[in-house]
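Asker: Got a predicted structure here, sequence first:
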Amino acid sequence: MGYELPGGRGARRPRRLRGVLSVVAAGLFVCCVGAAGLGAWNYQHVRQSSGAARDAAEAFLQDVTSGDPGGAYDRLCGDTRERWSREDFERRLSVPPTISRYAVDDVRIASDQGQLRATATVQLTRRSGAVDRREMPLVKDGDEWQVCGDPF
């Protein structure tokens, strides 16, 4: 004498539950893999931007220390060029105490409403011997980083 379940459908429920759980697990797996991939891509993008922003800050400071104010001016963003005329900028660089050495200590990257921005922390040594730590703001315009704000 065997025992029979009423309705004869008792064996189907666990299969259906296993199928639903399998689909949910697969969906979670896909989401986790996608999130990890996006995180890795974002990290790599910021890391590459950090190096390019550092290079831009160093190129600007190299122009300043080597006596090429025109080259330094060309590395400024449009907003800063609107505030400083080329002549005023070159005059500012010719007034002591000018910068004789520099070191870029750190570069931080951030995104502001889709616009990549960087802050380079630099150590400036003036011809007088005074050492000054400054934060140099940079913005990414197209494919290049430009110094923006008061670089001195």
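Answerer: That came through, no problem.

Asker: tell me the SS of the residue positioned nearest the centre of the chain?
Answerer: With distances taken as C-alpha atoms, centre = their mean, the residue of the chain nearest its centroid is Ile109 (3.0 Å). What DSSP: H, G, I helix; E, B strand; the rest coil gives for Ile109 is strand.

Asker: From Arg15, how far off is it?
Answerer: According to C-beta to C-beta, to the nearest Å, Ile109 and Arg15 sit 51 Å apart. Where you see a C-beta, it was placed from the backbone N, CA and C, and this is true even at glycine.

Asker: Let me know the next secondary structure element after the helix or strand of the chain with the lowest mean pLDDT.
Answerer: Least confident helix or strand, the chain: helix 12-65 with a mean of 70, by mean pLDDT, DSSP states H and E. Per DSSP states H and E, the first helix or strand lying C-terminal to helix 12-65 is helix 69-74.

Asker: That next one packs against which elements?
Answerer: helix 12-65, helix 86-94 (3 or more C-beta pairs under 8 Å, 6 or more residues apart in numbering; DSSP states H and E).

Asker: Need the mean per-residue confidence for the shortest one.
Answerer: Meaning helix 86-94. The average pLDDT within helix 86-94 is 89.

Asker: packing partners for that helix?
Answerer: Checking 3+ C-beta pairs under 8 Å, 6+ apart, helix 86-94 ends up next to helix 69-74.

Asker: Distance from the helix it packs on to the middle of the chain?
Answerer: 24 Å (C-alpha atoms, centre = their mean, to the nearest Å).

Asker: same check, this time on stretch 138-148
Answerer: 11 Å.

Asker: what's the span of it, first residue to last?
Answerer: 5 Å (C-alpha to C-alpha, to the nearest Å).
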